[in-house]
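Asks: After the sequence you'll find the predicted model.
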Amino acid sequence: MSKFKKKKAGGTPGINTASLPDIVFMLLFFFMVTTTIRDASLKVKIVTPNATEIQKLEKKSLVSYIYVGPPSTPALRSVFGTEPRIQLNDTYATVDEIAEFIEKERQSRDEAEIPYLTTSLKIDKDTRMGIVTDIKQELRKLNALKINYSTKKGGTASK
Amino acid sequence: MSKKKHRSLPEINAGSMADIAFLLLIFFIVATTMDTDSGILTKLPPMPEEDQEPPPDINQRNVLEVLVNASDQLLVEGEWTDVSNLRTLTKEFIVNPAKREDLPESPTKAVVSLQNDRGTSYDMYIQVQNELKAAYNEVRNEESQNKYGKLFEELTSDQRKEVQNTYPIKISEAEPKDIGGNN
């Protein structure tokens, strides 16, 4: 009994915070590793359509993106017009350039991963299907068959 | 000797280390975009090979014809309709509960043929795709509920395969027409 009493009398001992930086650094590294800094700045304005039957894309590293939409800023619009354009990586591209793009994406991956590569189409909802169909045909030619129509979760616009 | 030297070394104050680390941590937390991309996953059909024989004719009763024109109007089996009806129509087509003569004899034979115009808006296209997928998902869910008392997503992979084989998703997309002209 007396033993315990003695300890209490010593006053509250300070908590050792020496390991606090270690803990924080651990968290820091976790976030640094998981952060994906967006590598392409969007030059097209994209409002994706809504859909209810959506699935999440697993394995972000296996996804390559194709953006389609009208040029985003007035400066760009004055040069390129308001027609929807395709963006690959950082620049505007034509349908023919998709072949090269997919080829590059494939080369940067493991050979075993190639069948699992998914192409995510981020397309503005006001785009006409013509350009989308051209892209789809091109992807079929390249045998990049797994595609994802990027959509937001939510009810469809029509009643 | 060594003891003395050790004592004379001034200790670096590591007390602010935590602050610095916190600062960096907060920066990364803020900068992290955890946006997982989501959408409608589909598989495109492979390009037909040149020496491939033309696909076999499919009985007319096994095909649900869905047409979308350049002004986003929907035609299902020759009748004008609204997107909101598409799900019910498709479900009826797949399951054929009344065993009608003009609907498919079994769900495995049912094919949805989707054709759009080059002038169709992408929004409309996604809505149609979404409704078709929703119809299949609902049918599969009902089947799983009847058979196993669970939702399709909760099934084991074997059970899932079985349901998938009973109700395979067959959506065929024809080459789009260019009637609207304004692509």
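Replies: That came through, no problem. Numbers count the residues shown, from 1 in each chain, chains lettered A, B, ... in the order given.

Asks: Let me see the backbone angles for B:Pro107.
Replies: phi -60, psi -30 (degrees, to the nearest 10).

Asks: how many other residues sit next to it?
Replies: Using other CB atoms under 10 Å in any protein chain shown, B:Pro107 has 18 neighbouring residues. Every residue, glycine included, has its C-beta placed from N, CA and C.

Asks: Across the sheet, point out what pairs with the residue nearest in space to the middle of chain B.
Replies: Geometric centre of chain B, nearest residue: B:Ile40, 3.0 Å, by CA atoms, centre = their mean. Taking DSSP bridges as the rule, B:Ile40 bridges to A:Tyr149.

Asks: residues contacting it?
Replies: Each residue near B:Ile40 by CB atoms under 8 Å, 6 or more residues apart in numbering or on different chains is listed here: A:51, A:53-55, A:148-149, A:151, B:126, B:129-130, B:133.

Asks: Tell me the secondary structure of residue 115, please.
Replies: All of this refers to chain A. helix (DSSP: H, G, I helix; E, B strand; the rest coil).

Asks: not what I meant, chain B
Replies: strand.

Asks: State the number of residues packed around B:Gly149.
Replies: 8.

Asks: Indicate whether the top helix by length along chain B makes contact with chain A.
Replies: In chain B, taking DSSP state H as the definition, the longest helix is helix B:122-148. Yes - applying CB under 8 Å from any CB of the partner chain, one finds helix B:122-148 touching chain A at B:122-123, B:125-127, B:129-130, B:133-134, B:137.

Asks: And the residues you listed, which two are furthest apart?
Replies: Greatest spatial distance among those (CB to CB): B:Tyr122 and B:Asn137, at 21.6 Å.

Asks: Among those two, which residue is more densely surrounded?
Replies: Each of B:Tyr122 and B:Asn137 has its neighbours counted (other CB under 10 Å); B:Tyr122 has more, 24 against 18.

Asks: Name the nearest residue to that one, ignoring sequence neighbours.
Replies: Leaving aside its chain neighbours, B:Tyr122 sits nearest to A:Thr127 (4.4 Å; criterion: CB to CB, 6 or more residues apart in numbering or on different chains).

Asks: Let me know the pLDDT of the one you found.
Replies: Per-residue pLDDT puts A:Thr127 at 86.

Asks: Then A:Lys3?
Replies: Reported pLDDT for A:Lys3: 56.

Asks: Kindly list the longest helix within chain A.
Replies: Max-length helix for chain A by DSSP H is helix A:20-34.

Asks: after that helix comes which helix or strand?
Replies: Toward the C-terminus, helix A:20-34 is succeeded by strand A:50-51 as the next helix or strand (DSSP states H and E).

Asks: Just confirm yes or no for that next one near chain B.
Replies: Yes - under the criterion of CB under 8 Å from any CB, strand A:50-51 makes contact with chain B via A:Ala51.

Asks: who touches the helix or strand just after that strand?
Replies: Using DSSP H and E, the next helix or strand after strand A:50-51 towards the C-terminus is strand A:55-56. With contact meaning CB under 8 Å, 6+ apart, strand A:55-56 is reached by B:36-41.

Asks: And for residue 129, the neighbour number?
Replies: Chain wasn't specified; assuming chain A. A:Met129: 23 neighbours (other CB under 10 Å).

Asks: wrong chain, I was asking about chain B
Replies: 20.

Asks: Which residue, neighbours along the chain excluded, lies closest to it?
Replies: Going by CB to CB, 6+ apart, B:Gln129 has B:Ile40 as its nearest residue, at 5.7 Å.

Asks: Please consider this matter closed, and thank you.
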